[in-house]
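Enquirer: fold the following.
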Amino acid sequence: MEVHHHPQVEKKNFKEYFLEFLMIFLAVTMGFIAENIRESISEAAKEKEYVKGIRKDLAQDTTALNIWIPSLFDRIHDFDTLISLLQVHGTNPSGSDLYYYARLSTRSRTFIADNNTIAELKSSGNFRLISNKKMIDELTNFQKVIDSYLNLAAIESKESEMLYPMLANLFDATVFDGMIKINAKKSVFSVDSVTASLAMENLARPVGNPQLRNHNENDINQFIFYLHERKSSFVGEIRLLSFQKQHAISLMQSIDKEYHLQED
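Expert: Numbers count the residues shown, from 1 in each chain. Just a heads-up that it's a prediction; the model follows:
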């Protein structure tokens, strides 16, 4: 009977096993480190792109506020004019202006900050990419400034709605109806999102010299009071939007410094 002999396998000592283990461990570790470095570089690049987007949004806001804030001063002037006209006793020689500014008094606009990039960061879960704690704090504080303005703007919008029954009580509605301008080439409802003053394009001063249909002093006084309240809200909006503009400029400067965008 034939006997088969198994080949003898050379046994490895502990040192050889340890070297093999070390080689495998180093290969896995280096691969892990290389992947982390690659992800880190990729995330840093994404972070910088997001920050560039935020800076672009801030720059657009600043440009828009340069138009919006002066338009609020114009609105305050219009309200002052209307209040003066309402205090004229007897036949008002400026009835056309009285109706024009009264109809404009209900117009309300809210400045909406361009925060598309920040909204995308939040919705995509990529806000974690912003590694600079100082930048996170500044962005958080900036959002608080925006929220403060939006809260006041919401109050101002409600104040505008409260003027409607007073207008109906004091003014001839048929005169208001004749003031609407309809342009076939440009819709009467088209309004520039940046400046509220463009709302005037849709109104024309009435012909003739229309007068109040109600000269009750208490009703006129109530109307003036609510005009005063809206005017006060405009003053508050100017203050908050001016602060928002300053904060946006400061934030852009921080972004340039922290991310060296001025070198790009």
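Enquirer: doesn't Leu240 make contact with Trp68?
Expert: No - in this structure Trp68 lies outside contact range of Leu240 using C-beta atoms under 8 Å: 11.6 Å. Any C-beta I mention is one placed from the backbone N, CA and C, and that applies to glycine too.
Enquirer: residue contacts, Ser124?
Expert: Contacts here follow C-beta atoms under 8 Å, 6 or more residues apart in numbering; on that basis Ser124 touches nothing.
Enquirer: what separation do you get for it and Tyr50?
Expert: Going from Ser124 to Tyr50 by C-beta to C-beta, to the nearest Å gives 10 Å.
Enquirer: try Asp61
Expert: 17 Å.
Enquirer: more neighbours: these two, which one.
Expert: Neighbour count, other C-beta atoms under 10 Å: between Asp61 and Tyr50, Asp61 has more, with 26 against 19.
Enquirer: element containing that one?
Expert: Using DSSP states H and E, the element containing Asp61 is helix 14-86.
Enquirer: next secondary structure after that helix?
Expert: That would be, after helix 14-86 and using DSSP H and E, helix 95-104.
Enquirer: tell me how far Lys144 lies from Phe73.
Expert: Distance of Lys144 to Phe73, given as C-beta to C-beta: 25 Å.
Enquirer: who has more neighbours, these two?
Expert: Set Lys144 next to Phe73 and count neighbours by other C-beta under 10 Å: Phe73 wins out with 12 against 9.
Enquirer: surely that one meets Glu237?
Expert: No - between Phe73 and Glu237 there is no contact under C-beta under 8 Å: 10.7 Å.
Enquirer: look up how far Leu241 lies from the residue most central in space within the chain.
Expert: Central residue of the chain (C-alpha atoms, centre = their mean): Ala113, 1.3 Å from the mean position. Separation of Ala113 from Leu241 (C-beta to C-beta) stands at 10 Å.
Enquirer: can you check Glu229 too?
Expert: 19 Å.
Enquirer: okay, the two: which has more neighbours?
Expert: Leu241 (23 against 14).
Enquirer: from Trp68, how far off is Asn202?
Expert: 19 Å.
Enquirer: ugh, typo on my part, it should be Phe25
Expert: With C-beta to C-beta as the criterion, Phe25 and Trp68 are 62 Å apart.
Enquirer: with Leu241 instead?
Expert: 7 Å.
Enquirer: overlap in contacts of the two?
Expert: Counting by C-beta under 8 Å, 6+ apart, the residues touching both Leu241 and Trp68 are Phe111.
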